[in-house]
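K.L.:
sequence plus the predicted model coming up.
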Amino acid sequence: GQESNGLTVPPPSGDPKVCLVMKSLANEFFKTMQKGAQEHVEAQGGIKLIASGIPNETDVDGQVAEVEKCVTQRVDAIVLAPADSTALVASVRKAVDAGIKVVNIDVELEPGALRQAGLDVPFVGPDNREGARQAGMELGKAIGARSKVIILEGIPGAANGELRVKGFKDAVQQSGMVLTASRTANWETDQAHSVLGALLTANPDVKGVLAANDSMALGAVKAIEEQNLASKIKVVSFDNIPAIKPLLLNGSVVATVEQFASAQAARGIDQAVRMVKGEKVTGWQKTPVEVKTKSNVG
Amino acid sequence: MKTDVPTTGPTAPDRSRSKVLGQVLGEAGIGVALLVLVLVFLAFAPQFGTGQNIRNIMTQITLNTILAVGMTFVVLVGGIDLSVGSVLALSAVVAGSLMTWDALSPGTGLLLGVLAAVLVGALCGLVNGAVTERWKVPSFIITLGMLYVARGAAQEYTNAQTIYNLPRELTLFGTATFLGLPAVFVVALALVALGWFVLSRTVFGRLVYAVGTNEEAVRLAGHRTGWVKVSVFVIAGVCVGIAAVVYMARLNIASPILGNGYELNAIAAVVIGGASLTGGRGSMIGTLLGACLLGVLSNGLILLGVSDFQRTMITGGVIIVAVVLDAYRRRVATRLNSVITV
Amino acid sequence: MKTDVPTTGPTAPDRSRSKVLGQVLGEAGIGVALLVLVLVFLAFAPQFGTGQNIRNIMTQITLNTILAVGMTFVVLVGGIDLSVGSVLALSAVVAGSLMTWDALSPGTGLLLGVLAAVLVGALCGLVNGAVTERWKVPSFIITLGMLYVARGAAQEYTNAQTIYNLPRELTLFGTATFLGLPAVFVVALALVALGWFVLSRTVFGRLVYAVGTNEEAVRLAGHRTGWVKVSVFVIAGVCVGIAAVVYMARLNIASPILGNGYELNAIAAVVIGGASLTGGRGSMIGTLLGACLLGVLSNGLILLGVSDFQRTMITGGVIIVAVVLDAYRRRVATRLNSVITV
Amino acid sequence: MLEGEPLLRLSGLGKRYPGVIALAGVDLDVAPGEIHALVGENGAGKSTVVRCLSGMETPDSGEMTFDGAPHRPASPAAALRAGIRVVHQELELLPELSVAENLYFEHLPRRFGLVDKRKIRQDAVTALARVGLRVDPRTPVGRLGLAARQLVEIARALAADSRLLVLDEPTAALTGAESARLQGILRELAAEGTAIVFISHHLAEVLAIADRITVLRNGKSVATRAAAGVGATELVRLMVGRDLAEEYPPRPATARAPGAELLRAEALRVHGGAGELDFAVHAGEVVGLAGLVGSGRTEAVRALYGADRRAGGRVLVCGKPIPNGRPTKSVHNGLGMLAEDRKDQGLLLDMTVAANTSLAALPMVAHWGLRSGKLEDQVAGTLVDRLGVRTSGVRQAVRALSGGNQQKVLLGRWLLADPGVLIVDEPTRGVDVGARYEIHRLLLELAEGGKGLLVVSSDLPELIGLCDRILVLSRGRIAGELTRAEFDREKILALAYSGYLTSTDEEDGPS
Ligand SMILES: Nc1ncnc2c1ncn2[C@@H]1O[C@H](COP(=O)(O)OP(=O)(O)OP(=O)(O)O)[C@@H](O)[C@H]1O
Ligand SMILES: Nc1ncnc2c1ncn2[C@@H]1O[C@H](COP(=O)(O)OP(=O)(O)OP(=O)(O)O)[C@@H](O)[C@H]1O
Ligand SMILES: O[C@@H]1[C@H](O)[C@H](O)CO[C@H]1O
Ligand SMILES: [Mg+2]
Ligand SMILES: [Mg+2]
């Protein structure tokens, strides 16, 4: 006896209902994603979209509840940007058991976990690792080989964060930079500020910083200014939030990565609709990533 | 002389009605607020009342309820346990690693895992309690320390990797139902019942309340108050261990980052349930109702489909209103009672 | 302790030495633990003592110190304020929006912004205090509600956008130094001094302690305790507002997600500083030392280059050890003092 | 003194609480310059009257007029403004604050909003001297013994001038010396025109000081008499509604031969205490511990019982030494102690009468750790009846009981636990005459039954009436020991002072 009992899959009657479940909408990345999704649906027509997020990035249970709500409301498909790439698998299982199509966006669900749950969920999302690598190469160009660099990681265990760190490390290696320290600042501006502040006193000869997201880059830049190293230390990061633009222009940030949140949502929704219509969709549909620098930030 | 004070003897019918009302109000506790909330949601969110959704709510409040049961004991002696969230993570990853250790037969792994979870929880609780008591330092700060220690240990132990391929039996249990109720929720209910029994029927329970009311008096009456205070932290720890197993069963994973901020929710449930953080006042039933209120609230608001930000605001607003409403109820109750007994 | 012996009486020199030690220990508070910690870091992390790093530490503890100053008042009356983190965010975004509003001349914008920040903080504090007092409900739960309300409001207000290009003057102030000290830290110190003065020298300060010790007694002496209790929450709110400005000055942004979990840090500083969460015990100096201890700890551990996970663990461990050490110190002190007064 | 318009007039005052009628029609008028005593059994309603006229409670019915105008204080502050000052039965001091700050807490003298510490310290010295309390004004009140705190409370009320001064059992914990001094002060004040309401269970004292006496019974004022015109016996009859036998229960003419030694203190030293204590208590013996306020009686018995760690020496129960500072062990070894300060060291204020009664004997009301609520209620019920505790039921919160009734509940706790040796510190503090007699009888009964009793009391007649032997403590040392035959007020007082007379440092003197 499971929750799915008593739930019969409703035949797709009329417009398909699609749930877009994201992480914290307080993170403007997902705000953009939400906006993009809505615009896309209006453009397309013929789709009922229910978009929602969770109070904060790490609120796994909150997101589980969101998914369960969509199941209760018997939508036709769920497009999910998981807050944790393994924790959400169980709820995805529930949804699928209830006959709901599921598409995974933004952060890829842990393949092993999916396999173990006997699921095959298509992933529509960026190549975080490749994006980070390209940004890292930009830094390499700016500060040259053999310069010492520091990595600021996202929340330990967050898949996208870890992929970006991998990408950064690829770049460090390929462009011959020297990694002096890799520490977490939990995605947060002020933590980045204090962590980097200390790291810089410990390693005054550092030339570059790779931050796993822009929020941390903001804090990093401040820490650098405070130690009057603005001219000597360059930063690269990820996300391309509006607040990073001035820093790109004044050169303290060399590059960040745009991962087109709207496109992710839009394509995610399209895939979902196709699945509802009965098509089979699997595998990873890469969404574009673009390195933004002073020249192309516009 | 006892007799010459008018006690609540046979009273005229017209009075006895207000008397009943008074007593109902007196007992009801936060239940009144909860009831109001439920009615509102029933009125405005069609799916709220569906069996499916009610089961959802049950599974969603299970964790917090279990943690709150343990927290109630701690709060009753005037303590607080901020470490539940990260100890939950530590118990989970230790248990998870045993359950997925292929050197063991699945059965043994599962068994050892469950034991380990409870043991880890109990040990952390023991440390919390022992240090607090031995050195007469605020449990707030000791358990805050434990919050960091356990979190770090969990991350170190797993190197921040999530453990997922947990034994099938466990995950089955996570979705199983018992008499139509989610099995995990039944576990929570059982713990509430047990906790209620211990608090209201046993000598130990009496001592818990007494220590929370006036520790010195209990000490001078010849009881080992230290022992009582340490035990409540161990009890809390055991509950955390059980919660960890339930978590793994529900989400099929054991991750070092889970449980963030659980402490506030657990304490909130206890306090909303009418407990006083200075100790001596509180009850299991209250705690259960408190946990329900929080669960119903978040579930209902999701169903109402209010925007996330408004949802956050409303959550806060309702918590405040509920507690104020409860304070008001208590006043009315006392007034009624004092009137009718004349 | 023979309290009937006039402590003013001359004491034999040999005693007076142990007396001095006793009193030093008695006053020193958590400072002893802090000292030990500093020595350890000096020994093992070469850069720890550099002027640059000390300035780092100062800027990093500024926020928590300011919040802890306000929190001290609240804790002294036996209350708690969980809303500081999200009220900080709310104040910041409101202020930020004014500062970046091009309808205003930069100067006015800046001025209005600062005022707004303080005002928003004060108002939230007022609500916290008034509701708690009017309905005699635990501040824990009311401020928990406020935590959600303010957070949601901040997100709604900004629609989750981070406000960035803040006035140049402000951000300059964020990096400015004053007598070689970071200007923002000087502000924090000033607040500590002010708080110390109010608590230890003014009648209001006396009432704060008294209310925390025995509210009924204060009421019987004809004082308006409600008024005292509301004001401490307003004071806390004002501090939050100031902290918000400092945050913006330092990090150059105002975002609705900032301030998560600040409440625990602020309370931790206060409690490590020797305050009792049941009220009546605590001091500004203690709070300052508590904040320093936390700041020194996180900074020093980064310098030592321990891994993130170990850092988390050690942080917890040190907090516990520090508090235990402090408890031990207090015992020794009392022993010495009690001996010498015979 | 009595002519002229009354300053305070209560007519038909009524107050009810859940399950209890506290006041059912109290009439009282007090003239300026009059000392008006209020007497009545525990729970008669005396303190409730005080709470009403001091703005802590609002009466449900009846009229209060003060100085000719209707008196309806909305808060203690209002009453204070009107000039009504109260010394409450349960002390309301701030332990963390210094004696001086407590004295002037109402209006802390300030220079531009700042506490003027020097001034209050200077004023404090005189104020304390007046009531005869010699403590450093900077001492935190928490460090003082009960009586000392009581004196501080009184000094505080005297410090500010008032038109009506109300004292609710101010002498309950005082020795003759202090209460005598207090009476003197009150007479002065009355002479200056202050009206005084004085509540006490020490009838002798009442008769000595009062101009008129009003008797409360079951929340009604049953009579008002000029003190000159009544005797103790009549007062008692008015209070209790029946005649009482003599004040102290009869004792076997021939002093019993003390039985086996139950409790022995060997070279017992208390922390900060002066001397070493050696004494023993035998089966069937009632031993008294007399002394001036602050002589260290409480400290001694607390160290004996293990409530505080002793600085040195041994304590043996039935020849078996018991560990230091472990009340648990003391109780297991058959020792029990009724603590001096009921509010801080005895009562579980928000818990029921039943719970408070059974606390020291929980096994008695439980099987294998499971409590039987029914059994507990029964047991508690019997004790409530036996001690005549005035409560609406054993499930009533003990907070709701009157001071004297709370004291009875605590005594009941130890009667139930029934230890071999029972130490009682101020056992009849705030207990009415009837119950006091009853308690004395119970204590003697215990002794008859072969228990040993150690009684600390500031009420000398009580000790004389009750004990087989009295140890007199002076400045923490045993100044002497008297057997029943040698009992004599003067002798005992002389011994009590002896320790201080020999003192070189006169500052160190007692009250
Ligand atoms: N808050 C309360 N709730 C319920 N009953 C109360 C409350 N306060 C007092 N009572 C009851 O009112 C009655 C009178 O109490 P009160 O304290 O006035 O007696 P009292 O004359 O002062 O006795 P004592 O001599 O022991 O101090 C008692 O029966 C007491 O139980
Ligand atoms: N009147 C006083 N003058 C000076 N010191 C006092 C006085 N009363 C109490 N103290 C101090 O308070 C402490 C407690 O005294 P303790 O209570 O043991 O004395 P006691 O004989 O029990 O008198 P009490 O009636 O106060 O209980 C002692 O250390 C004593 O120094
Ligand atoms: O990809 C998004 C953004 O990078 C954000 O920085 C954190 O959440 C991740 O999921
Ligand atoms: Mg009374
Ligand atoms: Mg005494």
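P.N.:
Received, thanks. Ligands and ions are numbered 1, 2, ... in the order given.
K.L.:
quick one: contacts for the closest residue to B:Leu34 other than its chain neighbours?
P.N.:
The shortest distance from B:Leu34 to any non-neighbouring residue, by Cβ to Cβ, 6 or more residues apart in numbering or on different chains, is to B:Leu293 (4.8 Å). For glycine as for every other residue, the C-beta is placed from the backbone atoms N, C-alpha and C. By Cβ atoms under 8 Å, 6 or more residues apart in numbering or on different chains, B:Leu293 lies in contact with B:30, B:33-34, B:37, B:269, B:272, B:322.
K.L.:
got it, and D:Gly296?
P.N.:
Neighbouring residues of D:Gly296 by Cβ under 8 Å, 6+ apart: D:270, D:273-274, D:473, D:475-476.
K.L.:
can you say which of those residues are buried?
P.N.:
Burial of these was assessed by neighbour count (16 or more other Cβ atoms under 10 Å in any protein chain shown); the buried members are D:270, D:273, D:473, D:475-476.
K.L.:
isn't B:Asn56 up against A:Cys70?
P.N.:
No - taking contact to mean Cβ atoms under 8 Å, the distance of 11.0 Å between B:Asn56 and A:Cys70 leaves them out of contact.
K.L.:
quick one: which of these two has more around it?
P.N.:
Taking other Cβ atoms under 10 Å in any protein chain shown, B:Asn56 and A:Cys70 do not tie; A:Cys70 has more neighbours (28 against 25).
K.L.:
so the more buried one is in which element?
P.N.:
With secondary structure defined by DSSP states H and E, A:Cys70 is part of helix A:60-72.
K.L.:
for D:Gly284, same thing?
P.N.:
Using DSSP H and E, D:Gly284 falls outside every helix and strand.
K.L.:
would you map the strands across the stretch 51-200 of chain A?
P.N.:
Counting by DSSP state E, counting those that start in this stretch, the segments of the stretch 51-200 of chain A that form strands are A:77-80, A:101-105, A:123-125, A:148-153, A:178-184.
K.L.:
now do the same contact list for the residue lying closest to B:Ile285 once chain neighbours are set aside.
P.N.:
Spatial nearest neighbour of B:Ile285, chain neighbours left out: B:Trp196 (6.6 Å); criterion: Cβ to Cβ, 6+ apart. In this structure, B:Trp196 makes contact with B:283-285, judged by Cβ under 8 Å, 6+ apart.
K.L.:
report pLDDT for B:Trp196.
P.N.:
In this prediction, B:Trp196 carries a pLDDT score of 96.
K.L.:
now swap in D:Ala303 and tell me
P.N.:
The score at D:Ala303 is 93. That number is its pLDDT.
K.L.:
what about it, which helix or strand?
P.N.:
When elements are defined using DSSP H and E, D:Ala303 is found to belong to helix D:297-305.
K.L.:
helices or strands up against that helix?
P.N.:
Contact here means 3 or more Cβ pairs under 8 Å, 6 or more residues apart in numbering or on different chains; DSSP states H and E; on that basis helix D:297-305 packs against strand D:261-270, strand D:286-291, strand D:310-317, strand D:335-338, strand D:421-425, strand D:452-456.
K.L.:
contacts for the second one, please.
P.N.:
Surrounding strand D:286-291, the residues in contact under the criterion Cβ under 8 Å, 6+ apart are D:175, D:279, D:281, D:297, D:300-301, D:443-444, D:447, D:452-457, D:460, D:463, D:466-474, D:492, D:495-496.
K.L.:
ok, how many other residues are close to the residue nearest to B:Tyr157 when sequence neighbours are not counted?
P.N.:
Taking Cβ to Cβ, 6+ apart, and ignoring the residues beside it in sequence, B:Tyr157 has B:Val93 as its nearest neighbour in space, at 5.5 Å. For B:Val93, the count of nearby residues is 28 (other Cβ under 10 Å).
K.L.:
secondary structure element holding the nearest residue to A:Ser147 once chain neighbours are set aside?
P.N.:
Spatially, and ignoring its direct neighbours in sequence, A:Ser147 is nearest to A:Lys207 (3.6 Å; Cβ to Cβ, 6+ apart). For A:Lys207, the element it lies in under DSSP H and E is strand A:206-211.
K.L.:
now the angle between strand A:178-184 and that strand, please.
P.N.:
Using axes from the mean of the first three to the mean of the last three Cα atoms, to 10 degrees, one finds that strand A:206-211 and strand A:178-184 are set 40 degrees apart in direction.
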